[in-house]
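Engineer: predicted structure and sequence below. I'll ask about it afterward.
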Amino acid sequence: MNIWEGVGARDEAKRFCELWGIPGTVLVDDENLLVDALGIRGVPTNVFVDANGTITSIGAVTPEDLEAATHRLLGAGADIDPPERRAWHWEKEPEHIERHIAKPGQGGAG
Amino acid sequence: MPPEPLDLSAVEIAEDGPACRVEGLDADRYRVRGEVRVGLDPEGVVVDASAELAYVACSRSNAVAVVDLERLETLEMIPVGTEPIDIAIDTVTNRLFTADARSDQVSVIDAESRQVIGTVAVGVYPSGLEIDEAGRRLYCGDTMGCTVSIVDLDRLECLATVPAELGAGAIALDRERRRGFCANFVTSTVTAFDLDQNEVLATTPTGEGPCSVAVDRHSGDVFVVNCLAGSVVRIDPRRGEPTDELGGLNAPVGMTMGPRSDRLYVTNRGDGTLSVLGLDGLEWARIPVGTAPGGVCVHPRDETVVLVANAGSGSLTVIDLNLAGPPAEVVAQLNHPLVGTKMPEFSLYDVASGQELHSRQWSEKRYILNFFASW
């Protein structure tokens, strides 16, 4: 859920996701509708929702908290990403970042 | 249908887990003097005490906001290069410098005329600045260039570079011991360098995501904010390793040392607060500011005034402090008021598919919404 971009939200969100290798659904709340409804105060913030549509946690920023809240949502035995699969994409490929840094007149990845 | 906004203004919010605690909140010991609208995504902030003005680098406005601290209003926007992230002031010449990340340059502004009088080419994606007025040098962390650019403050030219690492950004100087420190966000290290020889002295591992650094001028110890780890680590440069860690922060981003070297001011981008961390290892206060705060500075002539740039709300918060130590009592943790309630419905544009998606798509599923910004 991309928020608070200020300028070119859809392009900036796309560029960011390409830079960090983030796949899947990326929603853009450029009118702060959900931000205001949930009282979001900062980024990143994670909101956990169960199968009944009930919010089970809000927050959980550090890897440890994120893992704990995910286990609360999915069950203690749930198979979530092991640490090696969470390794930062850009630690391995610094040149990948450089390719995606937008320069004036060059256009960005988005 | 848009969800109904809730009034959370009177609610102290603490989310799950130790990273989101609100402790020591004591409104008698601080007062938010005001919150001034500036530009888009403000990051760095400095104060010109002689004019009672604050200057805020507004990265998505490509401009510097000039804020009158007495009237609490923005007087003017000074256009600079693309994406100015950090800002510094040279009180000798009354010039301002901005790190224009997407222009690979530093803009030089004459504070009196409020005009850009020059630019200096530096490394790729500059994002952190620090000035040594006596030594007449500006140090600039080049995030993608993996260097620290050293600029002559009078000749306005880049004299040398010091190798740092990927993600080089925030810089702090120990002027007495003639050492500089650069936080390398991507490699989770701090590069120490010699201010006279322009040579690397050491590279020290920190925690994950170091994005701000400060020096205790008395002990020479270095403090590093680790955004991803939610902590501040203390490093003894003589030992070249962290000696202490204070956790429980929420995506901390900005940091500055109090003038007495008895406390650190740390902005929590994750929950819209400013933490006052005593060097005694205790959190003295956590003060609500604007959304997604970043840059923070102390008024040079009045240590009781602290300014915070809020990237999310595009504002500058001015706070009056009356803190001499930790609170007498710790405020109890509170759960977020919306935990246990129904998730509001939403219908929003999806970047990946180019379609508008409605929340009913996820009905009867368990899911996590991660709120993020690209800056």
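Structural biologist: All right, it came through fine.
Engineer: CA only for contacts and neighbour counts going forward, please
Structural biologist: Fine.
Engineer: what comes up buried for stretch B:312-323?
Structural biologist: Neighbour-count burial for stretch B:312-323, counted by 16 or more other CA atoms under 10 Å in any protein chain shown, picks out B:Gly312, B:Ser313, B:Gly314, B:Ser315, B:Leu316, B:Thr317, B:Val318, B:Ile319, B:Asp320, B:Leu321.
Engineer: just the C-alphas of stretch A:40-56, formatted as CSV.
Structural biologist: Extracted C-alpha coordinates of stretch A:40-56, given in CSV (Å, rounded to 0.1, in the frame of the first residue of the first chain):
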residue,chain,number,x,y,z
ILE,A,40,-1.6,5.5,10.0
ARG,A,41,1.2,7.6,11.6
GLY,A,42,4.3,6.4,9.8
VAL,A,43,6.0,4.0,7.4
PRO,A,44,6.5,1.2,7.3
THR,A,45,3.3,0.1,9.1
ASN,A,46,1.9,-3.4,8.7
VAL,A,47,-1.9,-4.1,9.2
PHE,A,48,-2.8,-7.8,9.7
VAL,A,49,-6.4,-8.9,8.8
ASP,A,50,-7.9,-12.3,9.5
ALA,A,51,-10.3,-14.3,7.5
ASN,A,52,-13.3,-12.6,9.1
GLY,A,53,-12.0,-9.2,8.0
THR,A,54,-10.9,-8.3,11.6
ILE,A,55,-7.7,-6.4,12.2
THR,A,56,-5.5,-8.5,14.4
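Engineer: contacts for it?
Structural biologist: A:57-61, A:69-70, A:73, B:251, B:268-272, B:290-293, B:312, B:338-343, B:363-373 (CA atoms under 8 Å, 6 or more residues apart in numbering or on different chains).
Engineer: in helices, which of those residues fall?
Structural biologist: A:Ala69, A:Thr70, A:Leu73 (DSSP state H).
Engineer: mind listing what the first one touches?
Structural biologist: Taking CA under 8 Å, 6+ apart as the contact definition, A:Ala69 lies against A:Phe48, A:Ser57, A:Ala60.
Engineer: how about a markdown table for those residues, with pLDDT and neighbour count added?
Structural biologist: As requested, the contacts of A:Ala69 are exported to a markdown table (pLDDT from 0 to 100; neighbours: other CA atoms under 10 Å in any protein chain shown):
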| residue | pLDDT | neighbour count |
| --- | --- | --- |
| A:Phe48 | 93 | 25 |
| A:Ser57 | 88 | 25 |
| A:Ala60 | 76 | 27 |
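Engineer: generate a ChimeraX selection restricted to the buried subset of the contacts of stretch A:40-56.
Structural biologist: Buried residues within these, by 16+ other CA under 10 Å, are selected in ChimeraX with:
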select /A:57,58,59,60,61,69,70,73 /B:251,268,269,270,271,272,290,291,292,293,312,338,339,343,366,367,368,370,371,372,373
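Engineer: and for the closest residue to B:Asp48 other than its chain neighbours, the neighbour number?
Structural biologist: Leaving aside its sequence neighbours, B:Asp48 sits nearest to B:Ala54 (CA to CA, 6 or more residues apart in numbering or on different chains; 6.1 Å). Per other CA atoms under 10 Å in any protein chain shown, the neighbour tally for B:Ala54 reads 22.
Engineer: and chain A, which of the buried residues of stretch B:312-323 reach it?
Structural biologist: Counting by CA under 8 Å from any CA of the partner chain, B:Gly312, B:Ser313 from the buried residues of stretch B:312-323 sit close to chain A.
Engineer: tell me the one of the buried residues of stretch B:312-323 nearest chain A?
Structural biologist: B:Gly312 (5.5 Å; CA to the nearest CA).
Engineer: double-check B:Glu112 against B:Thr91; I have them as touching.
Structural biologist: No - the pair B:Glu112 / B:Thr91 is not scored as a contact, 11.5 Å apart, by CA atoms under 8 Å.
Engineer: domain assignment for chain A?
Structural biologist: Listed by automatic domain parsing, the domain ranges of chain A are A:1-40+A:89-110, A:44-79.
Engineer: quick check, nearest of the ones in helices among the contacts of stretch A:40-56 to chain B?
Structural biologist: A:Leu73 (7.2 Å).
Engineer: contact partners for that closest one?
Structural biologist: Counting by CA under 8 Å, 6+ apart, A:Leu73 has contacts A:Phe48, A:Val49, A:Asp50, A:Thr56, B:Arg366.
Engineer: restricted to strands, list the contacts of stretch A:40-56.
Structural biologist: A:Ser57, A:Ile58, A:Gly59, B:Asn268, B:Pro293, B:Tyr367, B:Ile368, B:Leu369, B:Asn370, B:Phe371 (DSSP state E).
Engineer: I figured the first one was touching B:Val339, is that so?
Structural biologist: Spelled out, it's A:Ser57. Yes - counting by CA under 8 Å, A:Ser57 does reach B:Val339; the two are 5.7 Å apart.
Engineer: which parts of chain A are helices?
Structural biologist: Using DSSP H, helices in chain A cover A:9-20, A:33-38, A:63-74, A:89-92, A:94-100.
Engineer: let's have the ones you listed in a markdown table, adding mean pLDDT.
Structural biologist: Listed next are those as a markdown table, based on pLDDT from 0 to 100:
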| stretch | mean pLDDT |
| --- | --- |
| helix A:9-20 | 89 |
| helix A:33-38 | 93 |
| helix A:63-74 | 84 |
| helix A:89-92 | 47 |
| helix A:94-100 | 53 |
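Engineer: and the ones you listed as CSV, adding distance to B:Asp262?
Structural biologist: Shown next, in CSV, are those (distance: least, CA to CA, whole Å):
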stretch, distance to B:Asp262
helix A:9-20, 38
helix A:33-38, 36
helix A:63-74, 30
helix A:89-92, 35
helix A:94-100, 38
